[in-house]
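Colleague: just to be clear, the model below is a prediction. Sequence and coordinates:
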Amino acid sequence: MNTELLKIISDFKEKVEEANELLKRYLEIDEPHNWGPPIEQVGMLGGKHKYFFHGIGCTVHISKKDIVDFDYGANGRIDGFDEWRLCGFVRTRSKQYPNVKESNIKQWFQEAIEAKEIKKADPREYGNLYYLVQNT
């Protein structure tokens, strides 16, 4: 797999994990993917982190400039990603990835699919998330 794509996926997954932990801590729930009343769709975490649940995912403002948008996988999995979310993630982090263009991500993503390094979730699962293929 392209090393830059692997770094982007790893960084994205770290931020998703951080965001999910913020949701758990401040909303005082173990499974944020099962949110519902009395938890609001939109709100603040600890008075400083905005969040917005949407469809099967959430957008969390970890800080003013550090925002992550992700979807939950089956049973609340948080290790999934897709091309669109990775492009958005890099777009908001141009200083961290100064030489990465959206076209690079799209090319690397397709190459990783063809090389069977990433695969789409089971078709019975809702959504269009991909996961790293674990070589055992």
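Modeller: Thanks, I have the structure now. Numbers count the residues shown, from 1 in each chain.
Colleague: can we go C-alpha only for contacts and neighbour counts from here?
Modeller: OK.
Colleague: okay, now the unreliable bits of this structure?
Modeller: For the chain, applying pLDDT under 70 flags the ranges 125-126, 135-136.
Colleague: what about the helices in it?
Modeller: Ranges of helices within the chain are 3-27, 83-91, 102-114, based on DSSP state H.
Colleague: packing partners of the first one?
Modeller: Contact analysis of helix 3-27 by 3 or more CA pairs under 8 Å, 6 or more residues apart in numbering; DSSP states H and E lists strand 42-45, strand 67-71, helix 83-91, helix 102-114 as its packing neighbours.
Colleague: and the gap between Tyr26 and Cys87?
Modeller: 28 Å (CA to CA, to the nearest Å).
Colleague: ugh, wrong one, I meant Ser10
Modeller: Counting by CA to CA, the gap from Ser10 to Cys87 is 14 Å.
Colleague: more crowded one of those two?
Modeller: Cys87 (19 against 14; other CA atoms under 10 Å).
Colleague: one step back: ok, which of the helices of the chain comes nearest His33?
Modeller: Of all those, helix 3-27 sits nearest to His33, with 9.1 Å by CA to CA.
Colleague: taking helix 83-91 as reference, get the angle to the closest one.
Modeller: 90 degrees (axes from the mean of the first three to the mean of the last three CA atoms, to 10 degrees).
Colleague: so which bits of helix 3-27 are buried?
Modeller: 5, 8-9, 12-13, 15-16, 19-24, 27 (16 or more other CA atoms under 10 Å).
Colleague: just stretch 122-135 next, same as before
Modeller: 127, 129-132.
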